[in-house]
Every structure is written in C-alpha cells, then in structure tokens.
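In: Please find the sequence and the predicted model below.
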Amino acid sequence: MAELERDRVREYLAGHAQPTLDDGARAHYRERIAAQLKARNAVLVAHYYTDPEIQALAEATGGCVADSLEMARFGKNHPATTLIVAGVRFMGETAKILSPEKWVFMPTLEATCSLDIGCPADVFSDFCDQHPERTVVVYANTSAAVKARADWVVTSSIAVELIDHLDRQGEKILWAPDRHLGNYVRERTGADVLCWDGECIVHDEFKAKGILELKALHPEAAVLVHPESPASVVEIADVVGSTSQLISAAQQLDNPSFIVATDRGIFYKMQQLMPGKTFMAAPTAGNGATCRSCANCPWMAMNGLENTLAVLEDANGCGQEIHVDPEIARQALVPLDRMLAFGAELKRR
C-alpha cells in the first residue's frame, strides 16, 4: 500500500478508536450483550485478531473464536438466525454469502482490511482479463466482488495445499492480493504463480533483523511466522503457518517461549491454551523507524463492546447490516464452496 494511503488510513483510524472501559463498565456490557444475543437468537463469531474482551465474550456465549476459514464454517452451520461477525468487512460478506437467509451484522462496517482496499474489483477484473489462461485464486481477504471474479477462494491455512493441487493438474495461477503469501506458496510448491501487488499493513512491517536480535536475547524461543510476512522473515522462522496453525505449533513444540510474527491479538488464545509459556511480539520496526501497525490491526481494534451492544439493541442494527448484491453473492459462492469442500477434504486426510 502506498505510503500516502497508509498515512490516510492511520489518520482516519485515530479518530475511530474504541473507548477504554473500566472493569465495572466491561462487566455491564458483557452481561447486556449476552442477554441480547440470547433474545435475538444471535451468535457472536470473532477472529483471533480482535480484542481479547471480544474473544472471551464469543467463547462465553457459545460463539466462535477462529481464523477466517473456521469462522465461515461455523457461521454457516450454526442454527442461529443472526450472526454478529467481529472482524473485518470481508468476513461479514463471506458469512452473508454462505448464509443468505440469515441476518449478518458487524459492530462496524468501517472495519476493513488493507488487502481488500488494495485490490479494487474493477482494476482486478481488468488484470484477470489480461491473463485469461490463468486460474484465478484469491485470498479470503478480498471483497465479495473480487471473490465473484475468482475460480477459487483460499485461506492461509490451506493455501499451499490448494496451489500444489492445482499445479499438479497443470494449471497456471493468478494470485491476489497478498504478494508475500503468493510468493510463499510459489516457493513451497514450485507452481507458476503470477502475483497481484498487495500486502497486509501488519505483517509487512515485521523485520528479520529485529527478530534475530530478539532471538539472540532469547535463544530458547521458537519463531512463529504468518506467511503474509516478508520472505526475509519467513526464512528465519521455525514454523510458518496460519493463525490456527501457529497456535497448534505453540502447543506441540517444547520451547518455553515464542517470538510471534502475526497480530498480537492471537496472544489471547495462545496464553489461554498455554499459560506456562511466554509469547513475545516480533519487532515491527528497526532502529529509528516508526511502525504503523505495531503488530495490531487497527481495523480489528474497531470491534468493541460498545458498538457490539449498540448493534444488538437497535432494531435495525445501527445500519451495520451486511448486504451483498445477489448476483455477486451467487458468483462468489462458487469459489467459496470450492474452498470449504477442499478444506473439509484436507481435514479427512
């Protein structure tokens, strides 16, 4: 993303930060949200990168805390008639596409993603038209309109396996939007992958030099890296994987501590599952540099207790209902269903 665009995003988000609540206020909001979820036959689905308070509330009320693939599965299969999706907008759109008969709300529709912003549907469609011989695979972090242009949708948890599958069938790939993840799957599979030039503002800032310096201070620590990170960071990792895969790795490895190169919202689940281990955020800036995300997605941080309750208590969801054009939804459902079927098949292996 261009520097000017990053600065505009940062300036906007600075004025939309969630308020700090004291313990009494948080307890009050939790109680009211739980009551409203029950009254409206609703369930709260939250991503690992949201505030720990939101993740804990989702768990306590029978909801889900997961990566984007599991969020999609959970929302589709849950009997609730209303889904409250705490994450970023593409997750809400995916939930609506997979569950068109349900009401889908988000605490705020303004919570988006740098990968989504950096891949406009019209420009992307033109790019695809220039390479008609390629199979179009788009990351889940894209708009419904971009998904509608794709042959496959994929998440980081199944990206390598899917591209390897397509490569063995002799297909050439057009990949969007994260260039780091696209380059990673190309290196892992040897496939012919043409990448769109996009990046996540969180993962793009991790620095190999800073991680190595931190590792020198903590030689016992394993380095866990999300593949949306730059290649220099991926190269020094002990484990590379999606959010759910990094959590599993931390459980399976004997290391007492970990340097984690992904959004620090994941620490809630890691510390919950492994209270005896230490988790350190990977550095996002070198000497004299200033980070813009500081390992915390500013859009994920826009999901708070106050706006979650407001959506539930207002009959119209405060205007935060997800709507997807029916024709776009119909087209996007095809690659999304392929993703879910492929992911389910991998789990059975």
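Out: Nice, thanks for sending it over.
In: Give me the neighbour count for residue 316.
Out: For residue 316, the count of nearby residues is 9 (other C-beta atoms under 10 Å). Placement of C-beta: from N, CA and C, glycine included.
In: what do you get for the one 10 residues further on?
Out: Per other C-beta under 10 Å, the neighbour tally for residue 326 reads 9.
In: Quick one, grab the pLDDT at it.
Out: pLDDT recorded at residue 326 is 97.
In: residues in contact with it?
Out: residue 100 (C-beta atoms under 8 Å, 6 or more residues apart in numbering).
In: Torsion angles phi and psi at it?
Out: phi -60, psi -40 (degrees, to the nearest 10).
In: now it: how far from residue 70?
Out: Separation of residue 326 from residue 70 (C-beta to C-beta, to the nearest Å) stands at 26 Å.
In: again, but for residue 143
Out: Distance, residue 143 to residue 70, by C-beta to C-beta: 21 Å.
In: of these two, who's got more company?
Out: residue 143 (24 against 20).
In: The more buried one reaches residue 121, doesn't it?
Out: Yes: here residue 143 reaches residue 121: they are 5.9 Å apart, a contact under C-beta atoms under 8 Å.
In: ok, so what distance separates the residue positioned nearest the centre of the chain from residue 75?
Out: Nearest to the mean C-alpha position of the chain, counting by C-alpha atoms, centre = their mean, stands residue 68 at 5.6 Å. Per C-beta to C-beta, residue 68 is found 11 Å from residue 75.
In: Strands of the stretch 1-150 of the chain, start to end?
Out: Along the stretch 1-150 of the chain, the stretches classed as strands by DSSP state E, counting those that start in this stretch are 42-47, 64-66, 82-86, 103-105, 135-139.
In: And for the stretch 201-349 of the chain?
Out: Assigned strands in the stretch 201-349 of the chain, in chain order: 222-225, 239-240, 257-261, 278-281 (criterion: DSSP E, counting those that start in this stretch).
In: give the contact list for residue 321.
Out: 103, 104, 105.
In: Check the gap between it and residue 108 for me.
Out: As judged by C-beta to C-beta, residue 321 and residue 108 stand 12 Å apart.
In: Name the stretch from the strands of the stretch 201-349 of the chain that approaches residue 83 most closely.
Out: Smallest distance to residue 83 across the strands of the stretch 201-349 of the chain (C-beta to C-beta): 28.7 Å, for strand 257-261.
In: chain center to the closest one: distance?
Out: 19 Å (C-alpha atoms, centre = their mean, to the nearest Å).
In: Which strands border it, and is each parallel or antiparallel?
Out: strand 222-225 (parallel), strand 278-281 (parallel) (DSSP bridges).
In: follow-up on the earlier one: how about the contacts of residue 321 in a markdown table, adding neighbour count?
Out: Formatted as a markdown table, those follow (neighbours: other C-beta atoms under 10 Å):
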| residue | neighbour count |
| --- | --- |
| 103 | 17 |
| 104 | 26 |
| 105 | 27 |
